[in-house]
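>>> Please work out how this folds:
(one chain, ligands or ions: 1)
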Amino acid sequence: MESFLIKGGVPLRGTVDISGSKNAALPIMAAALLTDEPCVIRRVPDLSDTRFMVQILKSLGAEVSFESGTVTVQAKKIRGYADYELVRKMRGSICIAGPLLARLRKARISLPGGCIIGARPINLHLKGFEALGAKIKIESGYVDATAKKLTGNSLFLGGRAGPTVLGTANVMMAATLADEVTVIESAACEPEVVDLANFLNAMGAKISGAGSPTITITGVKKLHGAEHEVIPDRIEAATFLIAAAATNGEVVLRGARADHLRAVIDKLGEAGVSVTLRGKNLVARRGGKLRPVDITTLPYAGFPTDVQAQMMALLALTPGISIITERIFESRFMHVSELARLGADIEIEGPSAIVKGGRPLSGAPVMASDLRASAALVIAGLAAKGETQVNRIYHLDRGYERMDEKLRKLGARIQRVEEKA
Ligand code: EPU
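Predicted structure coming up:
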């Protein structure tokens, strides 16, 4: 297994190119199953998750290539079955369910199960499919969704933690080929949902309202091939903004979209980090002393759960008490005990983490537990004195394209090494 070896204490300086969004690319790649014509998807980040989606599409019978950031999919003949080994490895693969149901009128998919950040139920996805007329059977760990025909309907898709991103994507995709009109209320408003809707519309779908809580889909008989460029990754961008602040450096982000990062930029401003526009680029640097802030993760346009861990690393360096409340995934605090190994003082109280910031961090071996927790440990390691070894960085490689290379270009002393026994 590979690790990152980081010699901390170097302020990051320079320009970084932001990659295409993982969480937009995955459902967009799945959406190519909705047509037998070729689809060309550009700016796909080269990650283990996107490579895995290529494998899934191939296993369903599609012809797929992935070269220099461009994925081409032609799903002439496909089958509607995805087994446990595929879905277990990447919960995001559940977004093949909507396209399979729409195209084949049947999908048999392994239940994804929970993961380290919390339970990952799919009850809302299934509620949406049922509202469109699908019959759902759960047996031996598999969901069987079948429909003689899909018919548009009005449905409310909010759950206990608010809207669901991939649930909205799945129901939206299933509804594109249904008869009549579907209205999804309490739809997720994330930019990744908008990007998917734009791709589907380019394929001939009739979707309006994406980006708002009410999405209207007028079913069409057939979709055709299309070309699309994936939006920049707002979570990768936020991670670099925070890394710049944590190391007291100055980083220019090329290709990031400020309009997708409002909550993060606003909170960083409150914490004493200046994020400004220079031409089309975003520039992050400390504006003065860091200040503690309180954060609650919320559905878009609120503060993203996917940036909570990285922000905790910054607040551990910030003198004073910050409170971080996690409202989306109940056990997304696995990074707390690892940050403590670097010297951070953080207590968990129910859904909140109380960060008593400002203690100096010093390098230590730490273990990555999930994708965003890994990014938090890298940020803390970059700011800590001495050497930090972040083990199990395969988690990080799922969602950050060449992070070590990008950080080295900004001056960081970071190497990818084989894990020390
Ligand atoms: N939920 C339900 N029922 C459902 C679906 C979700 O109760 O049927 C709950 C979840 O348990 C959670 C909340 O609703 O409490 C929100 O989950 P959501 O469905 O929105 O998450 P997701 O679509 O499975 C995507 C991203 C995650 C990101 C979340 C929230 C992808 C591939 N994944 O997951 O990304 O954290 O939205 O924004 O798009 C990551 O990139 O590190 C990552 C975990």
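>>> Please enumerate the helices of the stretch 251-400 of the chain.
For the stretch 251-400 of the chain, the helices identified by DSSP state H, counting those that start in this stretch occupy 262-270, 308-316, 335-341, 371-383, 394-397, in order along the chain.
>>> out of those, nearest to the ligand?
Evaluated with C-beta to the nearest ligand atom, the helices of the stretch 251-400 of the chain place helix 371-383 nearest to the ligand, the distance being 4.3 Å. All C-beta spots, glycine's among them, are computed from the backbone N, C-alpha and C.
>>> For the closest one, name the packing helices and strands.
Of the remaining helices and strands, those touching helix 371-383 by 3 or more C-beta pairs under 8 Å, 6 or more residues apart in numbering; DSSP states H and E are strand 2-7, helix 234-246, helix 308-316, helix 335-341, strand 387-391, helix 394-397, helix 403-409.
>>> Summarise which helices and strands the third one is packed against.
The reference is to helix 308-316. If contacts are counted by 3+ C-beta pairs under 8 Å, 6+ apart, helix 308-316 sits against helix 234-246, strand 320-325, helix 335-341, strand 352-357, helix 371-383.
>>> is it possible to export those to TSV including mean pLDDT and mean neighbour count?
Listed next are the helices and strands packed on helix 308-316 as TSV, based on pLDDT from 0 to 100; neighbours: other C-beta atoms under 10 Å:
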stretch	mean pLDDT	mean neighbour count
helix 234-246	98	28
strand 320-325	98	18
helix 335-341	97	20
strand 352-357	98	20
helix 371-383	97	29
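>>> could these be laid out in TSV, adding distance to the ligand?
Putting the helices and strands packed on helix 308-316 into TSV (distance: least, C-beta to the nearest ligand atom, whole Å) gives the following:
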stretch	distance to the ligand
helix 234-246	6
strand 320-325	14
helix 335-341	12
strand 352-357	16
helix 371-383	4
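>>> of all these, which lies closest to residue 185?
Closest approach to residue 185 among the helices and strands packed on helix 308-316 (C-beta to C-beta): helix 234-246, 24.7 Å.
>>> Mind exporting the C-alpha coordinates of that closest one to CSV?
Extracted C-alpha coordinates of helix 234-246, given in CSV (Å, rounded to 0.1, in the frame of the first residue of the first chain):
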residue,chain,number,x,y,z
ARG,A,234,-15.6,22.3,-6.2
ILE,A,235,-14.4,20.0,-3.5
GLU,A,236,-10.9,19.7,-4.9
ALA,A,237,-10.9,23.5,-5.2
ALA,A,238,-12.0,24.0,-1.6
THR,A,239,-9.3,21.6,-0.5
PHE,A,240,-6.6,23.7,-2.2
LEU,A,241,-8.0,27.0,-0.8
ILE,A,242,-7.8,25.6,2.7
ALA,A,243,-4.3,24.1,2.1
ALA,A,244,-3.1,27.6,1.1
ALA,A,245,-4.5,29.1,4.2
ALA,A,246,-3.3,26.3,6.5
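>>> interface residues of the protein facing the ligand?
Residues of the chain that fall close to the ligand, judged by C-beta under 6 Å from any ligand atom: 23, 26, 92, 119-125, 159-161, 164-167, 188, 305-306, 328-329, 371-372, 399.
>>> Is there a quick PyMOL command that grabs whichever of these are buried?
Of the residues of the chain next to the ligand, the buried ones go into a single PyMOL selection, burial set by 16 or more other C-beta atoms under 10 Å:
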select buried, resi 23+26+92+121+122+124+125+164+165+166+167+188+305+306+328+329+371+372+399
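>>> Let's see which of the residues of the chain next to the ligand end up in strands.
Assignment to strands by DSSP state E places none of the residues of the chain next to the ligand there.
>>> ok so, going back, would JSON lines of the helices and strands packed on helix 371-383 with distance to residue 45 be doable?
What follows is the helices and strands packed on helix 371-383, written out as JSON lines (distance: least, C-beta to C-beta, whole Å):
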{"stretch": "strand 2-7", "distance to residue 45": "18"}
{"stretch": "helix 234-246", "distance to residue 45": "8"}
{"stretch": "helix 308-316", "distance to residue 45": "18"}
{"stretch": "helix 335-341", "distance to residue 45": "22"}
{"stretch": "strand 387-391", "distance to residue 45": "20"}
{"stretch": "helix 394-397", "distance to residue 45": "11"}
{"stretch": "helix 403-409", "distance to residue 45": "11"}
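>>> closest to residue 34 out of these?
helix 234-246 (25.3 Å).
>>> what's the following helix or strand after the worst-scoring helix or strand of the chain on mean pLDDT?
Scoring the helices and strands of the chain by mean pLDDT, DSSP states H and E places helix 84-89 at the bottom, with a mean of 80. Towards the C-terminus, the helix or strand next in line after helix 84-89, according to DSSP states H and E, is helix 97-104.
>>> wait, doesn't residue 241 sit right on residue 251?
Yes. Taking contact to mean C-beta atoms under 8 Å, the distance of 7.3 Å between residue 241 and residue 251 places them in contact.
>>> what do those two both touch?
Residues touching both residue 241 and residue 251 by C-beta atoms under 8 Å, 6 or more residues apart in numbering: residue 284.
>>> Which of the helices and strands packed on helix 371-383 sits closest to residue 227?
Closest of the helices and strands packed on helix 371-383 to residue 227 is helix 234-246, at 22.3 Å (criterion: C-beta to C-beta).
>>> Leaving out chain neighbours, which residue sits closest to residue 134?
Setting aside the residues directly before and after it, residue 134 is nearest to residue 147 in space (C-beta to C-beta, 6 or more residues apart in numbering), at 4.2 Å.
>>> Can you name the residues that contact the one you found?
The contact partners of residue 147, by C-beta under 8 Å, 6+ apart, come to 101, 105-106, 129, 132-135.
>>> Repeat the analysis, applying 6 Å as the threshold.
With contacts defined as C-beta atoms under 6 Å, 6 or more residues apart in numbering, residue 147 is in contact with 105, 133-134.
>>> And for residue 338?
When contacts are counted by C-beta under 6 Å, 6+ apart, residue 338 touches 366, 377.
>>> That one and residue 353, how far apart?
Distance of residue 338 to residue 353, given as C-beta to C-beta, to the nearest Å: 13 Å.
>>> Check residue 347 too.
Counting by C-beta to C-beta, the gap from residue 347 to residue 353 is 7 Å.
>>> go on, residue 74?
Computed as C-beta to C-beta, the residue 74 to residue 353 distance reads 47 Å.
>>> And for residue 320?
Following C-beta to C-beta, the distance that separates residue 320 from residue 353 is 14 Å.
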